[in-house]
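J.: predicted model follows, preceded by the sequence.
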Amino acid sequence: MVVATGVDIIEVRRIREAMERWGDRFLRRIFTPGEISHCRRKSRPELSFAARYAAKEAVLKALGIGLRGGLSWKDVEIINDVRGAPMVKPGRPMMELLGEKRLLISLSHLREMAAAVALLVDDRGEQR
């Protein structure tokens, strides 16, 4: 059962400008080394960084806590499964919040916009 949703959309330009202005300092603050490596392999890394940023925001919204809830940007790591589908690899603080719940995500981007949706799922049927 879906117990919460989170949606985020961001202009790719905002991420591109932050990368140009702050460089690796910005990337290391928001993204894990694995995320940075994955995105940098793309022909337009700013698209992948923007989609992952939107996914992190969507996950925090689905959890209903935002960054004030004790999580950092890097506690929400976006990875790809063996088929290439995006998924959340929760850090320890997020695992404690999730309990038996799980997160499903979907990412999308165009040249200038990136979006993500996160679903918080409880297979036991409980609502938060």
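T.: Received it, and whenever you're ready, just let me know what you need. Since we're looking at a predicted model, the values are computed, not measured.
J.: what about the strands in this protein?
T.: 2-11, 76-80, 86-90, 102-109, 113-121 (DSSP state E).
J.: show me what the longest one is packed up against.
T.: Strand 2-11 sits against helix 45-63, strand 113-121, with contacts defined as 3 or more Cβ pairs under 8 Å, 6 or more residues apart in numbering; DSSP states H and E. (C-beta placed from N, C-alpha, C; glycine too.)
J.: can you name every helix or strand that the worst-scoring helix or strand of the chain on mean pLDDT contacts?
T.: None of the helices or strands of the chain scores lower by mean pLDDT, DSSP states H and E than helix 92-98, at a mean of 85. Secondary-structure packing of helix 92-98 (3+ Cβ pairs under 8 Å, 6+ apart): helix 45-63.
J.: looking at the helices and strands packed on strand 2-11, which is nearest to Met94?
T.: helix 45-63 (7.6 Å; Cβ to Cβ).
J.: CA atoms of the closest one as PDB?
T.: Output in PDB follows, covering the C-alpha atoms of helix 45-63 (Å, rounded to 0.1, in the frame of the first residue of the first chain):
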ATOM      1  CA  PRO A  45      26.100  15.000 -16.700                       C
ATOM      2  CA  GLU A  46      24.000  18.000 -15.500                       C
ATOM      3  CA  LEU A  47      20.800  16.100 -16.600                       C
ATOM      4  CA  SER A  48      21.600  13.100 -14.500                       C
ATOM      5  CA  PHE A  49      22.700  15.300 -11.500                       C
ATOM      6  CA  ALA A  50      19.400  17.300 -11.800                       C
ATOM      7  CA  ALA A  51      17.300  14.100 -12.000                       C
ATOM      8  CA  ARG A  52      19.100  12.700  -8.900                       C
ATOM      9  CA  TYR A  53      18.700  16.000  -7.100                       C
ATOM     10  CA  ALA A  54      14.900  15.900  -7.800                       C
ATOM     11  CA  ALA A  55      14.800  12.300  -6.600                       C
ATOM     12  CA  LYS A  56      16.400  13.200  -3.300                       C
ATOM     13  CA  GLU A  57      13.900  16.000  -2.800                       C
ATOM     14  CA  ALA A  58      11.000  13.700  -3.800                       C
ATOM     15  CA  VAL A  59      12.200  11.100  -1.300                       C
ATOM     16  CA  LEU A  60      12.400  13.600   1.500                       C
ATOM     17  CA  LYS A  61       8.900  14.800   0.700                       C
ATOM     18  CA  ALA A  62       7.600  11.300   0.700                       C
ATOM     19  CA  LEU A  63       9.200  10.700   4.100                       C
END
